[in-house]
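> Prediction below, plus the sequence it came from.
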Amino acid sequence: MSAGTIGPGALLAPWRRTPLATLGLYGHFVRLAFLKFLAYRLRYYTGVVSYTVFVAGHYYLYLALYAGRAAEGLPAQIGGLTVREMVTYVAVSWIGRSLYFNNISRDLARMVTEGEIAMHLIKPFHLQSVMMAEAVGEAGFRLLMFTLPIMVVVAPLFGVGAPVDAAALGWTLVSFTLSLVIYSQLGFLVGCLAFVMKNIQGVLRAQMVGMDFLTGVIVPFTFFPGWFQSVVAWLPFQCIGYVPVMIYLGKRQGADLAQGLLLQVGWALVLGVAARLVWRRATRRLTVQGG
Amino acid sequence: MEPLIRVEGLCKDYRLVDRREGVSGGLKDLVRPRRRLLRAVDDVSFTIEPGEMVGYIGANGAGKSTTIKMLTGILTPSAGTVEVGGLVPWRQRQQYTRHIGVVFGQRTQLWWDLAVVESFRLLKKIYEVDDATYERQMALFDELLETGKLLSQPVRKLSLGQRMRCDLAAALLHRPRVLFLDEPTIGLDVVAKENIRGFLRDIRQRDGVTVILTTHDLGDIEQLCRRVIIIDQGRVHFDGELADLRRRVGQTVSLSVELREPAGSDELAAATGALPVAWEAASGLRHVARFNRAEVRAAEVIRLVVNDRQVQDLHLAEQPIEHVVREIYRQAAAGGGA
Ligand SMILES: Nc1ncnc2c1ncn2[C@@H]1O[C@H](COP(=O)(O)OP(=O)(O)OP(=O)(O)O)[C@@H](O)[C@H]1O
Ligand SMILES: [Mg+2]
């Protein structure tokens, strides 16, 4: 170990983390987040119940809706979905949500408004990457301790349809992983609003509700008029919920499937880069509260 | 020696919104907010050489924390430059922060939900500290700060003093070249303060780390720093050695004399004759002489008094640094200043 004396010209030595070390560092954040959520796992048992209740609510609603149509002699499909597909749609989108959901926007907003952000800026890492790593760790925990239990309860209870084939199941998993990335980058961007807004609570609440609506978790887009669907097609939200569920249902196959996944990758990249730019700009003109 | 830290013409403006009163005021605020700039740091310049330990002091709201935030790259200045070891803190943030340690007494940099040791392991990864250095540093922290028995506890269960010790250790784990301390002894009891001061002295001798320290406890400054920078309303009002500061303010020594028989202060003043010494009656047989060490030798005053009077007791004291600094603040407020 060299003594701490300063070299000629009093320069600080150049330093750069190698790619391998970078991977190791952010991997460590993944692990820590996983362990942190594992410590709080009790909270998630009640979550299993509430997700089941959500799905049950939609289940009976759609059963009644389809039964009503049948009584009037209307076709047994709404927006191209049969009642069986509709139930599957609802169940799979909630199961997916249980995986990709996180609170990045709220956490980041809190760090900014309480000035805790300062403690991250004095460390040689990139907060956006740290938060993404933590989101991955959280998702790992959710998958094991939350999503799987929900699946085990919900699938037999409501007779959720199996995927059309093994490939569809695989692509659905890939697609939901991309949902996680898109959801998290979007959350980071929303959290960055705290840099310019004094009171971000309203935005966060709007995000909570609006997100589930715009991702298609609450109502499938096929229910909506054409103009609405074409607007939504231009937004990133459908890539979080609607696209992976449609893959599961086998409504996106071949070129359609590839297009859906590419759209997701595209949005993940665009939002990631946007978040990076916004972050850079925001931290350059930041004022930190307190101290 | 080349300076390690160069600060030139550093300024920081905060944008403030003045709120109007009442409902109509609130509505007006919505439509056309009354904005105002507050210059928290105003044209501050200084250089610091490697290994120096500098006290950065000033009254509440003087701009100390704002300066530290710019030096650590948290805030971007409104004007001026900062260069530390050839790097610009807010521009080369990742590179730069690898070499610095920071403690904000008011907050922790440890991970709130983790056990202390987990935070250290994470820091080890973040700063790429090798195993040998890690072990050595941890042993050192345990020896000097007694952090060993705190390691297994979650941060949120630590007392303020325990947390501060862990925070200091966390800031130094990677053996930074520069250490920024913003009120590292805030809220601590006398013993804890002493421990931290002792630790800082030790670590500085060992690693030659350069330290900038802000504090409201001038004991910290007296025991740790040879050089102080005093700022007031964002401007530098003094930059120099502590001893110079005492000299500048004058009357830095007080000699307390207890006589055997009553006498008036004027009689004592007559005894010290032409010397610039101010006498003042204290209580009973006690009198206090104040004079500037630079102008008058204490031995001379004592000799004259002892020759003239029967003296029971003598006590020579440096004026506490608080008085010296208060005097500087007072001069600054009166528009005197540097
Ligand atoms: N985020 C902020 N927004 C607006 N004004 C601020 C902000 N932070 C500090 N100020 C103002 O800037 C001035 C300097 O504040 P600063 O925190 O640097 O003082 P300080 O010397 O650290 O004081 P203290 O000893 O009380 O910690 C104060 O007038 C303060 O009100
Ligand atoms: Mg302060």
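Thanks, I have the structure now. Ligands and ions are numbered 1, 2, ... in the order given.

> C-alpha coordinates for the worst-scoring helix or strand of chain B on mean pLDDT, CSV please?
Using mean pLDDT, DSSP states H and E, the weakest-scoring helix or strand in chain B turns out to be helix B:321-333, at a mean of 77. Output of helix B:321-333 as CSV, limited to C-alpha atoms (Å, rounded to 0.1, in the frame of the first residue of the first chain):
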residue,chain,number,x,y,z
ILE,B,321,-11.5,31.4,20.1
GLU,B,322,-15.2,32.0,20.3
HIS,B,323,-14.6,35.6,21.3
VAL,B,324,-12.1,36.0,18.5
VAL,B,325,-14.5,34.7,15.9
ARG,B,326,-17.4,36.7,17.4
GLU,B,327,-15.3,39.7,17.0
ILE,B,328,-14.7,38.9,13.4
TYR,B,329,-18.4,38.4,12.8
ARG,B,330,-19.2,41.6,14.5
GLN,B,331,-16.7,43.5,12.3
ALA,B,332,-18.2,41.9,9.3
ALA,B,333,-21.7,42.9,10.3
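
> now for it, which elements pack on it?
helix B:218-224, strand B:227-232, strand B:235-241, helix B:242-249 (3 or more CB pairs under 8 Å, 6 or more residues apart in numbering or on different chains; DSSP states H and E). C-beta: built from backbone N, CA, C; applies to glycine.

> Give me the below-cutoff pLDDT ranges for chain B.
Chain B contains residues with pLDDT under 70 at B:250-251, B:335-338.

> Please parse it into its domains.
Domain ranges of chain B: B:49-246, B:251-318, per automatic domain parsing.

> any idea which of those domains is most buried?
Counting by mean count of other CB atoms under 10 Å in any protein chain shown, domain B:49-246 has the highest mean neighbour count of the domains of chain B, with a mean of 19.

> and that one, anywhere near ligand 1?
Yes. Judged by CB under 6 Å from any ligand atom, domain B:49-246 comes into contact with ligand 1 through B:58, B:60, B:61, B:62, B:63, B:64, B:65, B:66.

> quick one, helices of the chain?
All of this refers to chain A. A:19-39, A:42-71, A:83-100, A:104-113, A:117-121, A:127-142, A:148-158, A:166-192, A:201-214, A:226-233, A:242-248, A:255-284 (DSSP state H).

> Chain B, not that one
B:22-31, B:64-71, B:93-97, B:116-126, B:131-145, B:160-172, B:190-207, B:218-224, B:242-249, B:265-272, B:298-308, B:321-333.

> Now the helices of chain A in CSV, please, with extra columns for mean neighbour count and mean pLDDT.
Shown next, in CSV, are the helices of chain A (neighbours: other CB atoms under 10 Å in any protein chain shown; pLDDT from 0 to 100):
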stretch, mean neighbour count, mean pLDDT
helix A:19-39, 16, 94
helix A:42-71, 14, 90
helix A:83-100, 23, 93
helix A:104-113, 20, 94
helix A:117-121, 20, 94
helix A:127-142, 21, 96
helix A:148-158, 16, 92
helix A:166-192, 21, 95
helix A:201-214, 15, 89
helix A:226-233, 11, 87
helix A:242-248, 27, 93
helix A:255-284, 16, 94
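
> mind putting those helices in TSV, distance to chain B included?
Converted to TSV, the helices of chain A look like this (distance: least, CB to the nearest CB, whole Å):
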stretch	distance to chain B
helix A:19-39	5
helix A:42-71	14
helix A:83-100	22
helix A:104-113	11
helix A:117-121	5
helix A:127-142	10
helix A:148-158	23
helix A:166-192	16
helix A:201-214	15
helix A:226-233	31
helix A:242-248	31
helix A:255-284	5
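
> got TSV for those helices, with distance to residue B:33 too?
Below are the helices of chain A laid out as TSV (distance: least, CB to CB, whole Å):
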stretch	distance to residue B:33
helix A:19-39	39
helix A:42-71	41
helix A:83-100	39
helix A:104-113	19
helix A:117-121	24
helix A:127-142	30
helix A:148-158	47
helix A:166-192	22
helix A:201-214	18
helix A:226-233	34
helix A:242-248	41
helix A:255-284	20
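
> Quick check: which of these is nearest to residue B:45?
helix A:255-284 (22.6 Å; CB to CB).

> what's the angle from the closest one to helix A:104-113?
Helix A:255-284 runs at 10 degrees relative to helix A:104-113, counting by axes from the mean of the first three to the mean of the last three CA atoms, to 10 degrees.

> And helix A:255-284, how far out from the chain middle?
13 Å (CA atoms, centre = their mean, to the nearest Å).

> Stretch A:239-247 too?
Remark: stretch A:239-247 is offset 12 Å from the chain centroid, using CA atoms, centre = their mean.

> Residue B:325 touches residue B:231, doesn't it?
No. In this structure residue B:325 lies outside contact range of residue B:231 using CB atoms under 8 Å: 11.5 Å.

> what do those two both touch?
Counting by CB atoms under 8 Å, 6 or more residues apart in numbering or on different chains, the contacts common to residue B:325 and residue B:231 are residue B:57.

> Quick check: residue B:55 vs residue A:207, distance?
Distance of residue B:55 to residue A:207, computed by CB to CB, to the nearest Å: 46 Å.

> distance between the least confident helix or strand of chain B and the chain's centre?
That offset, for helix B:321-333, works out to 15 Å (CA atoms, centre = their mean).

> Flag every buried residue along it.
By 16 or more other CB atoms under 10 Å in any protein chain shown, the buried positions in helix B:321-333 come out as B:321, B:323, B:324, B:325, B:327, B:328, B:329, B:331, B:332.

> And stretch A:194-202, by the same measure?
In stretch A:194-202, counting by 16+ other CB under 10 Å, buried: A:194, A:195, A:200.

> Then stretch A:233-241?
Going by neighbour count (16+ other CB under 10 Å), the buried part of stretch A:233-241 is A:236, A:237, A:238, A:239, A:240, A:241.

> got a list of what the nearest residue to residue B:269 once chain neighbours are set aside touches?
Ranked by CB to CB, 6 or more residues apart in numbering or on different chains and with sequence neighbours excluded, the top spatial neighbour of residue B:269 is residue B:279, at 4.7 Å. Counting by CB under 8 Å, 6+ apart, residue B:279 makes contact with B:265, B:266, B:268, B:269, B:272, B:287, B:288, B:289.

> possible to save those as JSON lines with distance to residue B:147?
Below are these laid out as JSON lines (distance: CB to CB, whole Å):
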{"residue": "B:265", "distance to residue B:147": "54"}
{"residue": "B:266", "distance to residue B:147": "59"}
{"residue": "B:268", "distance to residue B:147": "54"}
{"residue": "B:269", "distance to residue B:147": "56"}
{"residue": "B:272", "distance to residue B:147": "54"}
{"residue": "B:287", "distance to residue B:147": "50"}
{"residue": "B:288", "distance to residue B:147": "45"}
{"residue": "B:289", "distance to residue B:147": "48"}
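
> All set now, cheers.
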